[in-house]
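**Q** The sequence and its predicted three-dimensional model are supplied below.
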Amino acid sequence: MGSESDRGVFEGDEKVMDRSYKELLKLRRFPHTWCPGCGIGSVLKNVAMAIKELGWNDKNTVAVSGIGCSGRMSGYMNLDAVHTPHGRALTSAETIKTIRPDLNVIVLSGDGDLASIGGNHLLHTSRRNPDITVFCNDNEIYGLTGGQAGPTTPKGAKTITSPRGEPYSPLRLGHLLTQHAPYFYARTTVYHLNHFKACIREALLWKGFSFVDIISDCIELNGRRLGFKTAHQMFKWFDERFHIVEGERDHLREDELGIARAVEGEVAPPAEKVEKKPETPMESLKPFTLEELQRFDGTAGKPIYIAYKGKVYDLSSSPLFQGEKRMRCHIAGKDLTKDINIAPHGEDFVFRFGAVGRLKE
Amino acid sequence: MKRLLSGNEAIFQGAARAGASYFAGYPISPTSEILQQAVLNSEENPEFRFLQAEDEIAAAIATISASLAGAKSFTATSGPGFSLMQEALGWGHVVEAPCVFVNSMRVGPSTGMPTQPAQSDLLQIKAGSAGDYYPIAFYPNSVRECFLLTVTAFNAAEESLSPTILLSDAFLSHLYEIVDLEDIAIEVIPRSKEPLGRGQRLFTGTVHDKMGNLKTSDPEIYRGWLWELKDRHHRAAEKYPLFEYLPRKGSETLLISFGITSRIISSLKDRFSVFRPIRIYPVLEKELNEVAGSYRHIIVVEGSDGQYASWVECAISRKVMKVACLGGGFRLKWVQSQIEECLKGTKK
């Protein structure tokens, strides 16, 4: 869990650290399974601290995780924990929240689990917006299996399955999860500790689906291959790659750390402009009988007229009425009031054309 | 009140009688009606929740998670969806989640013939997921039985603390019969498992000891866990040795068939003895042995290329003859001619 005496210095005035968060950890199972220098320990500790701070406990909180190094996190928490098959943590968490709305449900998992094998569930669970909080230990690698390229591995990174450099662009979780409001997407790193803590807390308090993308390090199975000697060197690399942005944001750029959130529903797409010809008063229009109307069926250079709700319209300029003088089931020279009422389109299509007459009673 | 109900509706009503309050599913022929029933029911009854999942993987995981969270839950699918659910089925056995998986069989493999019935997912219920596990599966042959056995499946799930499987087929799911559900009395076993939020347990698919500590390199722990699972399932299954045996005096031939096939050949009971297993898995070894001894010929009539027949052969240590109704071709005349062929072969 790192040396806690050093961490105390970063936490400002509080010289004596509150260690009560340890109640939430299964210390009897320690030492844990993770390598020295791994970021997951930091994720586990800070999530436990935030939960403790909010007063949540084993009677009202459930941890769910998937498979992988980070999937082991739930097993170290003194909570009822569900360790699902690979990639299924989100579905499981959503269902638990559905059945038991009184429980706080958190998901502790990794980028491979949530974004690759569980990618479909990520799309759809986030769309259904259940009130769960997801902590994604995003170390950009499949660590447990030995360092294969994952869905978030940066392009060009060398891994054991991409020895010449990862050929594909990484999945941008920030873009993916900020498509439909409401959303909560936070990006932080295990190095930017205070920002990290703030993001965890905000996410836990968010009503709805919240996702914290925690950029974390895997020194043993990723960092060394990339040329880093220690975990600390990777942290400095995070500091170079990312910078914190303050304030309310809708979206985050790829090099920004912060919280992107939106409460409002989707912005409706701009309405299609419908050109309406100016209305002509009924009386001034030329009267047609049905027999007269029938002659204007477009044959032999004649214009195409149709009647709709008592008015006669000139559809000669319609590209849909060219050729056979009919558009699917609409026939030129007829009263189409009934046809258009049951047609899949609205009457706007007719009003685009000018009225040239009226039907005689 | 007497009502005209389809097999799918009876399955849903059975689940409701058993106290199910959660359904997760993905549209698939021939069980989409169960999903629709769930939606309708949730509108009348806010206690009942459903999820139309993004795929069968999510539907199965949701079913098991709902069970862990404290609800009686079930899902329904067909062969291709059941293939996707295998992962969750194995998980459900390890985390001890009582729930019911309904599999209405259609012709496979893959998309196969989506509207045609088959009985070819038997091996999938036993061996579709990785590793050893011992599911309990029932297979009704009427709308009334669809109702009864759904309740039974929920009861067996509570007793075995695992997912149980209710089999059906495309014919039976869409078969309409008159039943009086209120008239049927059946015992319902309440939930026994503590729901989530009551302690510090770990529900994991990884092998673990009783304390919930992961033990991934200890054969002793694994053996202990597996024998306990096997024993628990055995005891639960023994309570439901369900079968139907119609002996015909003087007949030297025993027909074994189940589900919709047993309905198709029901008129042959005047010529042959008929044995219909209702609990499909674990195989009714004792009962089959007792019955089979007095017949010279045993013919298994089923909608697959000998899946159940191979289990019968194992159970009674004896070769049996097979009539395979494949590709949805369940015709009495054809079955009859095949049976004659089988018997002709034995006369030489």
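**A** Perfect, I can see it now. Numbering: from 1, shown residues only, chains lettered A, B, ... in the order given.

**Q** For the rest of this, base every contact and every neighbour count on C-alpha atoms.
**A** Fine.

**Q** Up against chain B, what does the stretch 151-300 of chain A have?
**A** For the stretch 151-300 of chain A, no residue is in contact with chain B (CA under 8 Å from any CA of the partner chain).

**Q** show me where pLDDT drops low in the stretch 151-300 of chain A?
**A** Applying pLDDT under 70 to the stretch 151-300 of chain A flags residues A:265-280.

**Q** any idea where the helices of it begin and end?
**A** Assigned by DSSP state H, counting those that start in this stretch, the stretch 151-300 of chain A shows helices spanning A:173-177, A:193-205, A:224-226, A:231-241, A:290-295.

**Q** Looking at those helices, which one is packed in the most?
**A** helix A:193-205 (a mean of 20; mean count of other CA atoms under 10 Å in any protein chain shown).

**Q** what's that helix packed up against?
**A** On a contact count with 3 or more CA pairs under 8 Å, 6 or more residues apart in numbering or on different chains; DSSP states H and E, helix A:193-205 meets helix A:40-53, strand A:183-189, strand A:210-215, strand A:256-262.

**Q** Run through who's touching the second one.
**A** Identification of contacts with strand A:183-189 by CA atoms under 8 Å, 6 or more residues apart in numbering or on different chains yields A:129, A:174, A:177-178, A:195-196, A:199, A:203, A:206, A:208-216, A:238, A:256-263.

**Q** what do you get if the cut-off is 6 Å, keeping everything else the same?
**A** Residues outside strand A:183-189 that contact it (CA atoms under 6 Å, 6 or more residues apart in numbering or on different chains): A:196, A:210-216, A:257-262.

**Q** And for the shortest one?
**A** The contact list for strand A:210-215 (CA under 6 Å, 6+ apart) reads A:133-139, A:184-189, A:203.

**Q** need the contact list for residue 243.
**A** Picking chain A for this. Contacts for A:His243 were tallied using CA under 6 Å, 6+ apart; they are A:Glu256, A:Leu257.

**Q** should've been chain B
**A** Counting by CA under 6 Å, 6+ apart, B:Phe243 touches B:Arg276, B:Pro277, B:Ile278.

**Q** what separates stretch A:40-60 from the chain centre, distance-wise?
**A** 25 Å (CA atoms, centre = their mean, to the nearest Å).

**Q** cool, and stretch A:291-303?
**A** Here the centre of stretch A:291-303 is set off from its chain's centre by 55 Å, with CA atoms, centre = their mean.

**Q** Does B:Tyr222 fall in a helix, a strand, or a coil region?
**A** Put simply, B:Tyr222 is helix when judged by DSSP: H, G, I helix; E, B strand; the rest coil.

**Q** Can you read off the pLDDT for it?
**A** On the pLDDT scale, B:Tyr222 is placed at 94.

**Q** where's it relative to chain A, distance?
**A** Distance, B:Tyr222 to chain A, using CA to the nearest CA, to the nearest Å: 18 Å.

**Q** Skipping its backbone neighbours, what lies nearest that residue in space?
**A** Nearest non-adjacent residue to B:Tyr222, counting by CA to CA, 6 or more residues apart in numbering or on different chains: B:Val207, 6.7 Å away.

**Q** again, but for B:Glu194
**A** B:Gly70 (7.1 Å).

**Q** again, but for B:Ser294
**A** The shortest distance from B:Ser294 to any non-neighbouring residue, by CA to CA, 6+ apart, is to B:Glu252 (7.8 Å).

**Q** thinking again about what came up before, can you tell me which of the contacts of B:Phe243 is nearest chain A?
**A** B:Ile278 (31.6 Å; CA to the nearest CA).

**Q** Now do the contacts for the closest residue to B:Leu51 other than its chain neighbours.
**A** Closest residue in space to B:Leu51, ignoring its immediate chain neighbours: B:Ala24 at 4.6 Å, by CA to CA, 6+ apart. Going by CA under 6 Å, 6+ apart, B:Ala24 touches B:Phe50, B:Leu51, B:Gln52, B:Ala59, B:Thr63, B:Thr75.

**Q** Next up, phi/psi of the residue in the stretch 51-200 of chain B that chain A sits nearest to, please.
**A** The nearest approach of the stretch 51-200 of chain B to chain A comes at B:Gln200, 4.3 Å away (CA to the nearest CA). The phi/psi pair for B:Gln200 (degrees, to the nearest 10) reads phi -130, psi 40.

**Q** Then A:Thr145?
**A** phi -90, psi 0.

**Q** then stretch B:77-89 to CSV, C-alphas only?
**A** Output in CSV follows, covering the C-alpha atoms of stretch B:77-89 (Å, rounded to 0.1, in the frame of the first residue of the first chain):
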residue,chain,number,x,y,z
THR,B,77,-33.9,-17.8,-24.6
SER,B,78,-33.3,-20.3,-27.3
GLY,B,79,-30.3,-22.3,-28.5
PRO,B,80,-28.1,-19.5,-29.9
GLY,B,81,-28.8,-17.3,-26.9
PHE,B,82,-28.3,-20.2,-24.6
SER,B,83,-24.8,-20.6,-26.1
LEU,B,84,-24.1,-17.0,-25.0
MET,B,85,-25.4,-17.7,-21.6
GLN,B,86,-23.1,-20.6,-20.8
GLU,B,87,-20.5,-18.3,-19.2
ALA,B,88,-23.1,-17.1,-16.7
LEU,B,89,-24.5,-20.6,-16.1
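
**Q** how about it against chain A, any contact?
**A** No - counting by CA under 6 Å from any CA of the partner chain, chain A is not contacted by stretch B:77-89; separation bottoms out at 7.4 Å.

**Q** Could you list the residues in contact with that stretch?
**A** Residues from elsewhere that reach stretch B:77-89, judged by CA under 6 Å, 6+ apart: B:Thr31, B:Glu56, B:Ile57, B:Ala60, B:Ile61, B:Asn103, B:Ser104, B:Met105, B:Ser110, B:Gly128, B:Ser129.

**Q** Just the buried residues out of these, in ChimeraX syntax.
**A** To isolate the buried ones among those in ChimeraX, judged by 16 or more other CA atoms under 10 Å in any protein chain shown, type:
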select /B:31,56,57,60,61,103,104,105,128,129
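
**Q** Let me see the ranges of the strands in the stretch 201-348 of chain B.
**A** B:202-204, B:243-246, B:253-256, B:273-277, B:279-281, B:297-302, B:321-324 (DSSP state E, counting those that start in this stretch).

**Q** that older thread, now, the most widely separated pair of the contacts of strand A:183-189?
**A** The two members of the contacts of strand A:183-189 with the most space between them (CA to CA) are A:Ser216 and A:Ala262, at 25.4 Å.

**Q** more crowded one of the two?
**A** Neighbours of A:Ser216 and A:Ala262, each counted by other CA atoms under 10 Å in any protein chain shown, are more numerous for A:Ser216; the result is 25 against 18.

**Q** Now for A:His330, how many residues are close by?
**A** As a burial measure, A:His330 scores 16 neighbours (other CA under 10 Å).

**Q** ok, now how distant is it from A:Phe351?
**A** 16 Å (CA to CA, to the nearest Å).

**Q** Let me see the ranges of the helices in the stretch 51-200 of chain B.
**A** According to DSSP H, counting those that start in this stretch, the helices that the stretch 51-200 of chain B contains are B:56-69, B:79-95, B:122-127, B:143-160, B:170-173.

**Q** and these as TSV, adding mean pLDDT and distance to A:Leu79?
**A** What follows is those, written out as TSV (pLDDT from 0 to 100; distance: least, CA to CA, whole Å):
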stretch	mean pLDDT	distance to A:Leu79
helix B:56-69	97	13
helix B:79-95	96	16
helix B:122-127	94	33
helix B:143-160	97	24
helix B:170-173	96	42
